[in-house]
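Enquirer: Quick one, what's the 3D model for this:
(2 chains)
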Amino acid sequence: MNLSILHAVPLAGQVINLCAAIMLLLGFAMLAQRRILTLINLFMMQGAVLAVSTAIVALTTQQHHLLWSAGLTLILKVILLPYILHRLIRRLSVKWDIETLLNIPTTMLAGIALVVIAFNVAQPISQLSGTIMRATIGIALACVLLAFLMMITRSKAVPQVIAFLAMENGLFFAATSATYGMPMVVELGIALDVLVGMVIFGVFFFQIREQFDSLDIRHMERFKER
Amino acid sequence: MRDLSTINGLLAVATGWLIIGGLGILFPRRFTLISRVLFPLGAVLGLALACLALTGIAGEVQTIILPLGLPDLPFHLRLDGLSGFFLLLLGAASAGISTYAAGYFRKGGGTAPGLQCLLYHVFLASMAFVMLADDGYAFMVAWETMALTSFFLVTSEHRHAEIRRAGYLYLLVAHVGAVGILLSFGVMAGSAGDYTFDAMREFFHHGAWPTIAFLLAVFGFGAKAGVLPLHIWLPEAHPAAPSPVSAMMSGVMLKTAIYGLMRVTFDLLQAQLWWWGLILLLFGLASAIFGVIFSAIQTDMKRLLAYSSIENIGLILVGFGLAIIFKSFLLPHLAALALTATLYHCLNHAFFKSLLFLCTGSVLHATGERNLGKLGGLIHRMPWVTWLALAGVLASAGLPPLNGFVSEWLLLQSFLFTSGLPHGYLNMLLPVVAAALALIAALAGFAMVKFFGVVFLGQPREEKLAAAHDAGRLERLGLLWLAVGCVALGLLPNLVIMMLDPVTRLLVHSGLSAAASSHGWWLLAPISEDRASYSPAIFFGSIALFMPLVFWLVRRRYHGRMSRVPAWDCGFPLQTSRMQDTAEGFGQPIRRVFSPFFKRTREHPSAFDTQPRYLSIVEDPIWYWLYVPITRIVEFGTRLIAFLQEGRIAVYLLYSFATLIILLVLTRG
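Expert: Numbering: from 1, shown residues only, chains lettered A, B, ... in the order given. Model prediction:
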């Protein structure tokens, strides 16, 4: 039923697809990035792109509650969370290079494979969906999987948390592209969860460092039951 | 309008128990209230339950649906002869045990009295609900409540590691058993998914399914009853529990398993194949022999009684199995005889074993010792407990005119009729079983002589035993109730058999009372008078007459010519209480004769050792044959799986990642 809209505003559709492509690109960039500072900046950019694309969807389809979502994303993921993360790494003094468990080229290859899988999986969903952004569901899913992969391959706690937040970005994108977003209450709840989660992670960082003098989660291997 | 007064009364009693428990937990520190009001009130309710159940046995079947439980799954309750009989057993035994418990539980140490009161009364109420339940769901809820409350009661002294271990073992076996029962109900409910017992009675009676349901029920209820390879929790849990709880568990809770097995076998499955009976008979025989031999060599009072419980459960199962065999060969009258013996023994065991466990509780309170090697000579310090324990010991040893004799005699009588069975192998096998029963009875007597002799007779083996005090008033009253029960059940067998008549008619469609009491209340002749008969009244009367007569004659004949001198000291200049026959010494012949049954660790000092040390540990071999291999297999299996626990967060994340990808790909396909 919304096909008419897609044909009526081809420009908006093009812009949304562009945003989706940028998000995927940023996802790969984060996967390949070794420095935490840059990682936070990339995360911030991904949040900004997400906010822009949500706002465009809201304007072109008259789904005004999505504007609220876009605003929320902007405040939370572009301003507040990067600010907290910046402060955190300054106080923990871990801005520099980070190690990955897997080397970067291999990770990138795995990422490509994930994108292929994501597009294949998303195909039937996007055929069912009637939104303007239905072509981007595959990209959104790919973003989620890439963030997950990043979470697996990082050995330090801070990049893992960034990966977790990036995964939330991808999920939000998937939600907007499949069904024009979730109900407002749910979105507010998720936003709050992310914030609270961030605070808890912050506490954990300090605890972990106090215990092990490092944020390397490989130290936790010794909790294994022998 | 059908008459529902009895079942409503029973429900009121069970609810009363729950209320008492609730009051106990509301006032956990009011010790006087709990011990002087709540527990005696529980005992009165027990008595009321027994009276109601007595009217319920002979009365009409009463059913009721409680609007409790899950939506669309209410509790069905039903009172018939079988549940009435076991409720009578519960009420009568709990009246004595609760009275005793009122005087037994002390302040300090272990679980708080208020909590104890709650657990104890919920335990009682759940047993009542087990016997009233008329659908698998209500039965399992009550059954699990019973298991859990009794677990917490067993571990009331939870500060000791070995008590926690015993409780864990009990809980484990209870749950494995509960799975068996649940599966059995599942099989009987069939594909219809209707868990009421009415639906299970309509269960299709062909193919292998009834047998599977029966075997699962034997496994499940056997775990609770302590049938041979599943008996290991009994000798651990009984010493760990406070004595009234041991008495309740041994006297009544084990009978709930027998009740459940009877309900499933006779009522729901209608006892179809003769070899079901043979299975029960052989398991029962093995438990009985094993239990009695181990009970004869124990050195801990409560372990001795726990093994003796295994033996008695074995005897009950032997009778049960024989009843199934008779029923499947269409000999209802003989089936009724065997079943009567079985039920009678259930009732007897509830009385005498509770009595003995409570006596050990008094000894434990007075001396702080469970080890037979440190007791002795308590007859002078604790005359009440001693004489009442003597009644229990005589009953347990199966001596006339007490109750243990009647049921064992009936059981043996029913074996004497097996030659009429139309099956060659059974005809050859069953007399051997009867001979084994005689052996068991003799060994049970041996174990009981050991128990009584070492604890109460002789000289005190320790200094502190001189300070032992007799049981308090309420404790005495509880013991007296049970002891009087033992005597009364022994003296009035015809009344009991008359009471059991509706139960056997319900289960095997025949009763004994007409034949048994045809010669008046004083003569018990289960089949016919010229075949075998027993008159406890005459027996008791002659004992009561001749004993004083002989005593009087001896006094008269030797009066004035008696003088007390020191006992002959066998040439030893010094005699101490340590030179008495000990529990180990008394059990030595049994240890030697039945040595293949045991796993022994011995260490004998050489004759020239200046510091001799004697060590002899006798253990249960089944633990090593069966349970240790099982734990090894489980450990091996878990080690195969344990590699999943890598200890690295990345790997754990990878697991969920891989699962996600696989699921996505599968749903796509």
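Enquirer: Report the central residue of chain A.
Expert: Among the residues of chain A, the one closest to the centroid is A:A166, at 2.2 Å (Cα atoms, centre = their mean).
Enquirer: which stretches of chain A form helices?
Expert: A:3-8, A:10-32, A:36-61, A:65-73, A:81-92, A:104-128, A:137-153, A:157-179, A:184-212 (DSSP state H).
Enquirer: What is the neighbour count of B:A93?
Expert: By other Cβ atoms under 10 Å in any protein chain shown, the residues close to B:A93 number 28. Where C-beta positions appear, they are placed from N, C-alpha and C, glycine not excepted.
Enquirer: Wait, it touches B:S354, no?
Expert: Yes: at 5.3 Å, B:A93 and B:S354 qualify as touching, with contact defined as Cβ atoms under 8 Å.
Enquirer: Give me the common contacts of those two.
Expert: B:247-248, B:251-252, B:482 (Cβ atoms under 8 Å, 6 or more residues apart in numbering or on different chains).
Enquirer: now for the helix or strand hosting B:L426, which elements pack on it?
Expert: Per DSSP states H and E, B:L426 falls inside helix B:424-456. Using 3 or more Cβ pairs under 8 Å, 6 or more residues apart in numbering or on different chains; DSSP states H and E, the elements in contact with helix B:424-456 are helix B:274-297, helix B:301-328, helix B:378-381, helix B:383-397, helix B:403-416, helix B:583-593.
Enquirer: Select the longest strand from chain B.
Expert: The longest strand of chain B (DSSP state E) is strand B:62-70.
Enquirer: What pairs with it, parallel or antiparallel?
Expert: Sheet pairing of strand B:62-70 (DSSP bridges) gives strand B:73-79 (antiparallel).
Enquirer: In the strand it pairs with, which residues are buried?
Expert: Judged by neighbour count (16 or more other Cβ atoms under 10 Å in any protein chain shown), strand B:73-79 contains these buried residues: B:74-79.
Enquirer: any low-confidence regions in chain A?
Expert: Low-confidence segments of chain A (pLDDT under 70): A:1-9, A:95-99, A:129-134, A:181, A:215, A:217-218, A:220-226.
Enquirer: one more time with 50
Expert: Scanning chain A for pLDDT under 50 picks out the ranges A:1-6, A:9.
Enquirer: how about the helices in the stretch 1-150 of chain B?
Expert: B:5-26, B:31-33, B:39-58, B:81-104, B:113-132, B:136-154 (DSSP state H, counting those that start in this stretch).
Enquirer: residues in contact with the residue positioned nearest the centre of chain B?
Expert: Nearest residue to the geometric centre of chain B (Cα atoms, centre = their mean): B:S250, 3.4 Å. Going by Cβ under 8 Å, 6+ apart, B:S250 touches B:234, B:238, B:305-306, B:309, B:353-354, B:357.
Enquirer: any weak-confidence spans in chain B?
Expert: Scanning chain B with the threshold set as pLDDT under 50 gives B:1.
Enquirer: Which one of the residues in the stretch 51-200 of chain B is closest to chain A?
Expert: Nearest residue of the stretch 51-200 of chain B to chain A, counting by Cβ to the nearest Cβ: B:Y168, 19.3 Å away.
Enquirer: wait, what's in contact with residue 119?
Expert: No chain in the question, so chain A it is. A:F119 neighbours (Cβ under 8 Å, 6+ apart): A:138, A:142.
Enquirer: To clarify, I was referring to chain B.
Expert: Contacts of B:L119 by Cβ under 8 Å, 6+ apart are B:21, B:111, B:149, B:152-153, B:156.
Enquirer: picking up where we left off before, out of the helices of the stretch 1-150 of chain B, deepest packed?
Expert: helix B:81-104 (a mean of 27; mean count of other Cβ atoms under 10 Å in any protein chain shown).
Enquirer: on that earlier part again, in the helix holding B:L426, what counts as buried?
Expert: For helix B:424-456, by 16+ other Cβ under 10 Å, it's B:426, B:429-430, B:433-434, B:437, B:440-441, B:443-448, B:450-456.
Enquirer: any idea how far it is from the chain center?
Expert: Relative to the mean C-alpha coordinate of its chain, helix B:424-456 is positioned 17 Å out (Cα atoms, centre = their mean, to the nearest Å).
Enquirer: relative orientation of it and helix B:274-297 in degrees?
Expert: Using axes from the mean of the first three to the mean of the last three Cα atoms, to 10 degrees, the inter-axis angle of helix B:424-456 relative to helix B:274-297 is 20 degrees.
Enquirer: Past helix B:424-456, which element shows up next along the chain?
Expert: Past helix B:424-456, the next helix or strand by DSSP H and E is helix B:473-491.
Enquirer: Check what contacts the helix or strand following that following helix and list those residues.
Expert: Sequence order places helix B:493-508 as the next helix or strand after helix B:473-491, per DSSP H and E. Under the contact criterion Cβ under 8 Å, 6+ apart, helix B:493-508 has outside partners B:54, B:57-58, B:80-82, B:84-85, B:262, B:266-267, B:323, B:326-327, B:332, B:335-336, B:339-340, B:343-344, B:347, B:406, B:489, B:510-513, B:516-517, B:521-524, B:526, B:534, B:536.
Enquirer: how about B:F221, what does it touch?
Expert: So B:F221 contacts B:177, B:180-181, B:257-258, B:260-261, B:264 (Cβ under 8 Å, 6+ apart).
Enquirer: Sticking with it, tell me its helix or strand.
Expert: B:F221 belongs to helix B:209-225, assigned by DSSP H and E.
Enquirer: Tell me which residue in chain B sits closest to chain A.
Expert: Closest point on chain B to chain A, by Cβ to the nearest Cβ, is B:G647, at 3.0 Å.
Enquirer: That residue: neighbour count?
Expert: 14.
Enquirer: before we move on, what SS does it have?
Expert: Per DSSP: H, G, I helix; E, B strand; the rest coil, the secondary structure class of B:G647 is coil.
Enquirer: Return the distance of it relative to A:S214.
Expert: Shown here: B:G647 relative to A:S214, a distance of 17 Å by Cβ to Cβ, to the nearest Å.
Enquirer: Then B:A14?
Expert: Applying Cβ to Cβ to B:A14 and A:S214 gives a distance of 62 Å.
Enquirer: That concludes my questions; thank you for your assistance.
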